[in-house]
Every structure is written in structure tokens, then in C-alpha cells.
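Structure for the following, please:
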Amino acid sequence: MFLNCPILMDDFEYMNIIFNKSGSKRIFELTGMALPISAWDIKTQDEFYRSLCKLIRNYTTINIWIFKIDHEFNG
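Next up is the predicted model:
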């Protein structure tokens, strides 16, 4: 909407993968845009804890972490 150009949509189930928080991260990564420190495409609770531990270990100067979840409302 910001660019005022239409988005052509393919199969809803396929597009649903792209139009969420993790999907948009993948697209931005492909374009080479600068992205904030983050982890995405986390599917299980175990994977969440492993990713969080890795982020905390690699970025010890960050004191606050924000969690965004795919398919949440008012997030």
C-alpha cells in the first residue's frame, strides 16, 4: 500500500507462507536489506529455546528481547 502498487496473489496457502513475520524476514534477507538481530521459522518450543540461547550467547550486550509470533493478533 505504501508504494501504491497492486499485489498479485497466487494460491492462498502458498501466499500465506510469505505474508507472515517469518516469511517477510525471508524476503528481506533475499533483497540484502539490513535486518535486526533475530531468529525466524521457529516451529517448536525446543527450537525456540535453542535459538534464544544462541542469540543471547552471541549478543551479550543486548538486555531486552522482543518476541513476535506468526499469526498472532494485534502483535
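
Look up how far residue 61 lies from residue 27.
If you measure residue 27 against residue 61 using CB to CB, to the nearest Å, the figure is 28 Å. Every residue, glycine included, has its C-beta placed from N, CA and C.

Please enumerate the helices of the chain.
In the chain, the segments counted as helices under DSSP state H are 12-18, 21-31, 45-58.

about what we covered before: more neighbours: which of residue 27 and residue 61?
For residue 27 versus residue 61, neighbours defined as other CB atoms under 10 Å are more numerous around residue 27 (11 against 4).

Please name the nearest non-neighbouring residue to the residue positioned nearest the centre of the chain.
Among the residues of the chain, the one closest to the centroid is residue 22, at 3.1 Å (CA atoms, centre = their mean). Leaving out its chain neighbours, the residue that sits closest to residue 22 by CB to CB, 6 or more residues apart in numbering is residue 40, at 4.1 Å.

Do I have it right that that neighbour meets residue 28?
No: counting by CB atoms under 8 Å, residue 40 stays clear of residue 28, with 10.2 Å between them.

Output the lowest mean pLDDT helix or strand found in this protein.
Taking mean pLDDT, DSSP states H and E as the measure, the helix or strand of the chain with the lowest value is helix 12-18, at a mean of 63.

Any regions of this protein where pLDDT drops low?
Residues of the chain that meet the criterion pLDDT under 70 lie in 1, 7-20, 70-75.

run the last query once more with 80
Along the chain, the model assigns pLDDT under 80 to residues 1-30, 35, 40-41, 68-75.

The residue nearest to residue 22 and residue 32, how far apart?
17 Å.

Between those two, tell me which one has more neighbours.
When residue 40 and residue 32 are compared on other CB under 10 Å, the one with more neighbours turns out to be residue 40, at 16 against 7.
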